[in-house]
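**Student:** Below are the sequence and a predicted model for it; my questions follow.
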Amino acid sequence: MSQVLSMNSLPAALAGRSIALVGMMGVGKTSVGRRLAARLGLPFHDADAEIERDAGCSIAEMFMRDGEAAFRRRERQVIGRLLADIPMVLATGGGAFMDAETRRAMRNKAVSIWLRCDMALLLRRLASCTDRPLLRDGDPAEILRRLMALRHPVYAEADLAFDSMDEDPDETTARVHAALRSLPARLAASLQDC
């Protein structure tokens, strides 16, 4: 069983800051986020679930009814509200970090962590998903390839990056947790300047 740590056992740079997981759909942000929150003794929030609760409908329904731009506005508002609350671990939707205002909020209130995953593994993980609006209109491999080319340079702006491999989510969580506990002094100083 993993040891639960308080925020006090993490570097001082994290005190009062949330941890925001970013990356493509299917990389494991929710799975890793839940486990990381449990290890740190922090609340966990999934931005997509919060958006659905706020809107009273599914994300797929929002995309169909209101379009992606309206969904992104609501996503920005919900993530901003969550980050203004007590420190937490937050799993964000795949497109959330693409919004400049959301990235700015994360820089000010959170440590952002990019979970990366290779295309083949993403395709396997998403093969049976029917609730991903962006994958509905075309070949999922081509859509993911296009999204990765667009999003990866922006995800690279995250504070930390980890590969989400074909492993148990507990293993990925352990790697993220260990890195947070030994946060480099250079990064700690830059976070304190935010």
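**Tutor:** Nice, thanks for sending it over. The structure displayed is predicted, hence computed values, not measured ones. Numbers count the residues shown, from 1 in each chain.

**Student:** drop to CA atoms for contacts and neighbour counts, all remaining ones
**Tutor:** Fine.

**Student:** Can you mark which positions in the helix or strand where residue 175 lies are buried?
**Tutor:** Assessed by DSSP states H and E, residue 175 sits inside helix 169-181. Judged by neighbour count using 16 or more other Cα atoms under 10 Å, the buried positions of helix 169-181 are 169, 172-174, 176-177, 180.

**Student:** Could you do stretch 76-91 as well?
**Tutor:** Residues of stretch 76-91 classed as buried by neighbour count (16+ other Cα under 10 Å): 76, 78-80, 82-83, 87-91.

**Student:** Sort out for me which of these are in strands.
**Tutor:** Applying DSSP state E to these, the entries found in strands are 89-91.

**Student:** quick one: the helices in the chain?
**Tutor:** Remark: helices assigned in the chain by DSSP state H are 29-40, 47-55, 59-66, 68-83, 100-109, 119-126, 140-155, 169-181, 185-193.

**Student:** closest one to residue 23 among those?
**Tutor:** With Cα to Cα as the measure, helix 140-155 is the member of the helices of the chain nearest residue 23 (6.6 Å).

**Student:** And the longest strand along the chain, what does it pack against?
**Tutor:** In the chain, with assignment by DSSP E, the single longest strand is strand 110-116. Applying 3 or more Cα pairs under 8 Å, 6 or more residues apart in numbering; DSSP states H and E, we find strand 110-116 packed against strand 18-22, strand 160-163.

**Student:** got a list of contacts for the longest one?
**Tutor:** Contacting residues not belonging to strand 18-22 are listed as 29, 33, 83, 86-94, 96-97, 106, 109-115, 155, 158 [Cα atoms under 8 Å, 6 or more residues apart in numbering].

**Student:** who's in contact with residue 99?
**Tutor:** Counting by Cα under 8 Å, 6+ apart, residue 99 makes contact with residue 76.

**Student:** Go again with 10 Å.
**Tutor:** 72-73, 75-76, 154 (Cα atoms under 10 Å, 6 or more residues apart in numbering).
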